[in-house]
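Asker: Let's see this in three dimensions:
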Amino acid sequence: MSSGSAAVARRLRGVGSFLLPNQADPSAHEGPPMGERVWRSVLLGLHGAFGILSILAALTILTNSQPEAWCRPVALAAIGAIVVTYVVAGRFGLSAARVTPRGRRLIVVYLVVLVVGTGLLARTEPDTLFIYFIVYAQIWSLVDRPLPGTFWSFMLVTASIVGMALRPAQDRPDLVSLISNQLVGVAFALLMGIWVHSLFDRSREQARLIEKLESARAEVAALERERGAQAERERMARDVHDTLAQGYTSILMLARTALAQLGTDPAAARERLELVEEVASENLAQARALVAAQSPVELDGTSLRDALAQLAGRFTRETGIEVDIRFAAEPVGAAAPVGGSAAGSNGGAAAEPVGGAAGSPGLRPAEELVLLRAAQEALTNARRHASPTRVSLTLASARSGEVTLQVVDDGIGFAVGAETGSGLVGLRRRVEEAGGELVVTSTPGAGTQVVARVVRGQ
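Answerer: Below you'll find the model as predicted:
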């Protein structure tokens with residue numbers, strides 16, 4: 001770039017906010033909001049059309065006769081300056097998605113050279129002004145606001161009017177027709193430019209909205225992944241608490257009992273150690289099932305009734321406390337007396353298995369697992385905290401589809417709401433996730449009642 005052009009660019013920096021868009025943010029100038037492939041095709045068309053019209057303008061200058069000897073070299077110099085400046089500077093505004101401050105100054109230099117060169121062509125060879133077909137498109141492609149596009153369009157038409165008005169009298173067109181023709185041309189260019197820029201603005205707004213939408217989608221996806229991971233952690237924590245932790249608790253209590261009985265009752269100690277081995281084997285199977293995401297070991301190939309019976313039998317073998325287990329045909333009431341037997345709360349009227357011979361109340365596996373875990377948690381809490389002498393477990397089903405599990409003990413009880421462990425909290429969440437309800441009733445010194453209700457097929 002010549003030093004004169006650079007000086008012009010420096011002088012124009014002060015009015016850059018008017019001549020070029022986005023001057024409030026001097027670090028960025030957005031390119032046209034098109035797809036990369038589409039915009040490359042548009043650029044190829046603009047460059048090709050400009051090259052062809054520039055060659056035709058040069059041929060016109062060389063073939064037309066000139067009344068003044070200096071006109072031909074000046075016209076060739078003008079078209080050459082426009083082409084060279086476009087190659088060096090003007091393309092920055094077309095090919096770059098983000099124009100730097102230096103590139104923006106070069107665009108101003110090109111627009112100045114374009115206006116001056118067009119005025120010289122109008123003075124020396126008006127037949128070359130067919131380049132208007134492409135230079136108006138260049139102006140509106142180099143700027144992205146209507147105001148600077150209008151300014152440079154009027155500067156271009158003013159330069160051509162002045163240039164033709166300075167021609168010799170015999171070659172000078174009628175001033176009125178000259179101005180009217182030029183104004184019609186620039187008016188058409190302005191209408192097209194403003195319309196195109198309105199489309200560009202709409203496209204930019206849509207692009208920004210799409211970007212925000214994609215960002216929001218990515219954020220939602222990240223939150224969903226985090227929520228899914230948190231839910232999986234909570235599920236795993238509940239499963240570990242309801243299986244492995246309870247198994248380890250049983251092992252610990254059995255081992256302590258065996259140690260205490262080694263010296264006084266070796267046969268009882270041996271029985272406790274056999275129970276330790278059995279519980280440890282089941283815990284190992286539970287761990288493998290959790291890792292492999294398989295069905296719960298207790299319900300693998302067996303019914304809920306059988307699993308509850310096995311659970312009650314294990315509780316009796318470990319603690320020596322008999323569990324009165326009943327399978328009734330009517331739902332258990334939440335207000336059953338704490339410490340009362342299951343048969344008493346149901347009147348002893350329906351002791352046959354729920355759901356027929358198979359002993360299944362028609363529950364889905366997930367619902368069966370919820371009731372089984374409720375029974376495990378209630379019996380574990382009774383063994384660890386309640387010191388009961390009697391425990392009852394009742395599974396009841398109603399025609400409405402509600403299946404209820406009730407575990408009642410006559411232990412020391414506790415103040416509901418004051419419990420500090422995570423067992424009942426996790427159990428309540430598990431039951432609610434299955435569409436059921438967990439009700440815990442207890443009073444210090446008066447025993448505890450745990451009732452879990454689910455509805456078949458929910």
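Asker: Need the CA coordinates for stretch 430-441. PDB is fine.
Answerer: Provided in PDB are the C-alpha atoms of stretch 430-441 (Å, rounded to 0.1, in the frame of the first residue of the first chain):
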ATOM      1  CA  ARG A 430     -37.400 -45.800  46.800                       C
ATOM      2  CA  VAL A 431     -41.100 -46.500  47.600                       C
ATOM      3  CA  GLU A 432     -42.200 -43.100  46.300                       C
ATOM      4  CA  GLU A 433     -40.200 -43.600  43.000                       C
ATOM      5  CA  ALA A 434     -42.300 -46.800  42.500                       C
ATOM      6  CA  GLY A 435     -45.500 -44.700  43.000                       C
ATOM      7  CA  GLY A 436     -46.100 -46.000  46.500                       C
ATOM      8  CA  GLU A 437     -46.200 -44.700  50.000                       C
ATOM      9  CA  LEU A 438     -44.200 -45.500  53.200                       C
ATOM     10  CA  VAL A 439     -45.700 -44.800  56.600                       C
ATOM     11  CA  VAL A 440     -43.700 -45.200  59.800                       C
ATOM     12  CA  THR A 441     -45.400 -45.100  63.100                       C
END
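Asker: what's that stretch in contact with?
Answerer: 238, 334, 338, 366-367, 370, 373-374, 416, 424, 427-428, 448-455, 458 (CB atoms under 8 Å, 6 or more residues apart in numbering). To be clear about C-beta, it is placed using only N, CA and C from the backbone, and glycine gets the same treatment.
Asker: So which of these belong to strands?
Answerer: 448, 449, 450, 451, 452, 453, 454, 455 (DSSP state E).
Asker: For the last one, list each beta-bridge partner.
Answerer: Yep, that's residue 455 we're talking about. Beta-bridge partners for residue 455, by DSSP bridges, are residue 402.
Asker: Could you give the number of residues near it?
Answerer: Number of residues near residue 455 (other CB atoms under 10 Å) recorded here: 16.
Asker: likewise the third one?
Answerer: Here the count is done by other CB under 10 Å, and residue 450 has 24 residues near it.
Asker: quick one: contacts for residue 383?
Answerer: Shown in contact with residue 383 (CB under 8 Å, 6+ apart): 253, 315, 318, 319.
Asker: Check the contact between residue 126 and residue 165; I expect there is one.
Answerer: No. Using CB atoms under 8 Å, residue 126 is not in contact with residue 165; the gap is 11.1 Å.
Asker: where exactly do the helices run in the stretch 351-458 of the chain?
Answerer: With DSSP state H, counting those that start in this stretch as the criterion, the stretch 351-458 of the chain has helices at 365-381, 423-433.
Asker: Report the distance from the last one to the chain centre.
Answerer: Here the centre of helix 423-433 is set off from its chain's centre by 29 Å, with CA atoms, centre = their mean, to the nearest Å.
Asker: What residues sit buried inside it?
Answerer: 423, 424, 426, 427, 428, 430, 431 (16 or more other CB atoms under 10 Å).
Asker: what's the answer for stretch 374-386, then?
Answerer: Using 16+ other CB under 10 Å as the test for burial, stretch 374-386 gives 374, 375, 376, 377, 378, 379, 380, 381, 382, 383, 385, 386.
Asker: Adding pLDDT and distance to residue 198, write those residues out as a markdown table.
Answerer: As requested, the buried residues of stretch 374-386 are exported to a markdown table (pLDDT from 0 to 100; distance: CB to CB, whole Å):
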| residue | pLDDT | distance to residue 198 |
| --- | --- | --- |
| 374 | 88 | 66 |
| 375 | 89 | 70 |
| 376 | 85 | 69 |
| 377 | 85 | 67 |
| 378 | 88 | 71 |
| 379 | 88 | 74 |
| 380 | 83 | 72 |
| 381 | 85 | 71 |
| 382 | 86 | 76 |
| 383 | 82 | 77 |
| 385 | 82 | 75 |
| 386 | 83 | 77 |
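Asker: Could you export those as CSV, including distance to residue 304?
Answerer: Output for those, formatted as CSV (distance: CB to CB, whole Å):
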residue, distance to residue 304
374, 11
375, 9
376, 12
377, 16
378, 15
379, 15
380, 18
381, 20
382, 20
383, 21
385, 26
386, 24
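Asker: Just give the number of residues close to residue 206.
Answerer: The local packing of residue 206 (other CB under 10 Å) involves 11 other residues.
Asker: before we move on, which element is it in?
Answerer: Element membership for residue 206 (DSSP states H and E) is helix 175-240.
Asker: confidence score at the residue located most distally from the centre of the chain?
Answerer: Distance to the chain centre peaks in the chain at residue 170, reaching 72.8 Å (criterion: CA atoms, centre = their mean). Among the per-residue scores, residue 170 holds a pLDDT of 74.
Asker: Tell me if it really is in a strand.
Answerer: No. Assigned with DSSP: H, G, I helix; E, B strand; the rest coil, residue 170 falls outside any strand and is helix.
Asker: Thanks again, I'm all set now.
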